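Chemist: Quick one, what's the 3D model for this:
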Amino acid sequence: MMATDSRPATSPAGASSQSLARTDAAGSAGASAKEGATAVILGGGPIGLVCALLLARQGFAIQLVDARPLEALRRDRRLLALSRGTIGVLESLLGRGFAPTAPIEHVHVSSRGDPGATHLRARDFGGVALGATVWYADLVDALSRAAQEQARIDIARPHRALQTLQRPDRVRVVLDDGCALEAALAIDAEGSPPRLREPEDYALLADLDVTQGRPGDAIERFTREGPLALLPLPGAAFGDGAPSPGGPQDAGVQRRGTARMSMIWCLPASLARARMALADAQLLELICRALGPRIGRATAIGERSMFPLLAHRLDRVCEHRLVHLGNAAQSLHPVAGQGFNLGIRDCVCLVECLIESATTDPGDPLAALTKYSARRRLDRAIVPALTSALPRVFSSTLAPVVVARSAALLALDLVPGLRRGFTRLLMFGVPG
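Modeler: Down below sits the predicted model:
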């Protein structure tokens with residue numbers, strides 16, 4: 001997108017700040033257009049809300065704009081995987097216990113049909129959980145409450161941004177109600193751009209009852225069709241209960257003697273559609289074969305859904321006074337659960353750069369954006385490359401590749417320094 005292009009807005013938001021000029025689209029900005037006007041954030045999902053809260057905590061005035069009502073976000077049934085670094089950021093903003101979560105303390109990584117496996121353990125890091133899972137709806141609810149209580153954040157929802165216009169000294173965002181917002185900076189946190197092609201792969205999502213699940217366990221199982229992950233569910237009990245479909249409201253209800261876990265199986269589009277159509281017993285049998293004996297048996301499956309997988313990455317995340325964060329800048333393959341965490345690191349780095357530059361020229365964020373782009377280069381290159389390569393490497397049937405990946409899994413498990421380094425990458429990303 002060029003500096004003067006328009007971009008539609010697509011996520012939730014906050015209301016208008018007095019330090020942000022708000023005029024009708026044809027009018028000129030008032031005298032307060034630049035005074036204290038830090039940023040307009042387009043997108044009120046978790047990334048936009050975290051960015052707004054981080055900036056507001058540093059004294060910046062923020063206008064958050066989102067096209068969806070908050071209730072639509074509260075109905076989102078996705079499960080998010082949080083890294084240790086992301087948990088630290090959220091706790092700094094919301095306090096401990098910000099939402100119901102399930103800790104991840106042990107990750108078993110293996111490849112179907114191959115020798116070798118890797119165990120990533122919390123005990124390698126003093127017993128601190130490697131990460132956690134949280135329901136998207138619960139996290140949005142906690143972040144939205146915090147944003148509504150923050151005087152420096154104004155939320156405009158549901159409002160769509162029709163146009164983002166860049167000028168030498170400010171940006172103007174024109175909304176669907178004919179009003180305009182002006183600020184020194186525009187932050188695009190609206191998520192992935194519209195699909196331009198049919199996805200080749202989908203994630204098949206469902207909750208499973210398994211007979212040998214343990215609290216804190218997660219599984220990453222590579223199969224020839226695609227990676228299959230099992231994650232602990234927030235609030236899920238282990239060992240008693242009655243069957244239920246999955247979802248934030250009933251995740252803890254399950255069959256006696258079993259554990260309920262969330263399954264994400266990445267598959268080619270045709271195979272994902274075929275497995276969506278299978279009877280429960282048929283699909284459960286395929287899942288058991290793919291997973292092996294690690295979790296005993298999968299005995300029941302909840303409601304299924306499919307999610308398109310379309311990885312993308314912008315080469316340039318900064319365009320004059322516009323910066324793209326999170327899925328607006330890059331969307332990743334879900335293997336290893338790194339996409340959301342990469343977006344949180346985007347937010348933290350941007351705020352750090354703005355704070356550093358504020359002492360030299362608080363009215364001009366361009367130096368901060370140049371610094372931000374440079375600092376995020378390595379993390380944004382290495383983590384997407386890793387998550388893109390892993391499914392290809394583990395789906396290959398070439399003998400040299402099979403031998404190499406088995407050796408790599410074994411080496412990760414046997415060499416503590418190597419294992420800790422890899423785990424630290426997943427927990428905190430690549431330093432800028």
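Chemist: List the contacts of Ile355.
Modeler: Residues counted as contacts of Ile355 (Cβ atoms under 8 Å, 6 or more residues apart in numbering) are Gln58. For glycine as for every other residue, the C-beta is placed from the backbone atoms N, C-alpha and C.
Chemist: What sits closest to Val393 if chain neighbours are left out?
Modeler: Arg405 (5.7 Å; Cβ to Cβ, 6 or more residues apart in numbering).
Chemist: Surely the one you found and Ser110 touch.
Modeler: No - in this structure, Arg405 is not within contact of Ser110 by Cβ atoms under 8 Å, at 10.5 Å.
Chemist: residues shared between the contacts of those two?
Modeler: Gly116.
Chemist: Look at those two and report which has more neighbours.
Modeler: Ser110 (21 against 18; other Cβ atoms under 10 Å).
Chemist: residues touching the more buried one, list them.
Modeler: By Cβ under 8 Å, 6+ apart, the neighbours of Ser110 are Gly116, Ala117, Thr118, Glu220, Arg221, Phe222, Gly292, Arg294, Leu409.
Chemist: The second one touches Asp413, doesn't it?
Modeler: In this case it means Ala117. Yes - using Cβ under 8 Å, Ala117 is in contact with Asp413, at 6.5 Å.
Chemist: Quick check: phi and psi on the residue nearest the centre of the chain?
Modeler: Central residue of the chain (Cα atoms, centre = their mean): Phe340, 1.8 Å from the mean position. Per-residue torsions, Phe340: phi -60, psi -40 (degrees, to the nearest 10).
Chemist: How much space separates it from Asp201?
Modeler: 19 Å (Cβ to Cβ, to the nearest Å).
Chemist: if we can go back for a sec, in the particular helix or strand that has the residue nearest to Val393 in it, what counts as buried?
Modeler: Arg405 belongs to helix 399-414 when assigned by DSSP states H and E. For helix 399-414, the buried set under the neighbour-count rule, 16 or more other Cβ atoms under 10 Å, comprises Val402, Arg405, Ser406, Ala408, Leu409, Leu412, Asp413.
Chemist: Contacts only, for the fifth one.
Modeler: The neighbours of Leu409, taking Cβ under 8 Å, 6+ apart as the test, are Val109, Ser110, Ser111, Asp114, Gly116, Ala117, Thr118.
Chemist: ok, so of the residues you listed, who is nearest Leu54?
Modeler: Val109 (32.2 Å; Cβ to Cβ).
Chemist: Make sure that closest one is actually in contact with Gly116.
Modeler: No - taking contacts as Cβ under 8 Å, Val109 lies outside contact range of Gly116: 9.5 Å.
Chemist: any low-confidence regions in this protein?
Modeler: By pLDDT under 70, the weakly predicted segments of the chain are 1-37, 195-196, 237-257, 360-364.
Chemist: Can I get the helix or strand containing Arg145 as CSV, trimmed to CA atoms?
Modeler: Under the criterion of DSSP H and E, Arg145 resides in helix 136-148. Provided in CSV are the C-alpha atoms of helix 136-148 (Å, rounded to 0.1, in the frame of the first residue of the first chain):
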residue,chain,number,x,y,z
TYR,A,136,-9.6,-15.6,22.5
ALA,A,137,-12.9,-14.4,23.9
ASP,A,138,-11.7,-14.3,27.5
LEU,A,139,-8.5,-12.4,26.5
VAL,A,140,-10.4,-9.8,24.5
ASP,A,141,-12.8,-9.3,27.3
ALA,A,142,-10.0,-8.7,29.8
LEU,A,143,-8.1,-6.4,27.5
SER,A,144,-11.3,-4.5,26.5
ARG,A,145,-12.2,-3.8,30.2
ALA,A,146,-8.7,-2.5,30.8
ALA,A,147,-8.9,-0.3,27.8
GLN,A,148,-12.3,1.1,28.8
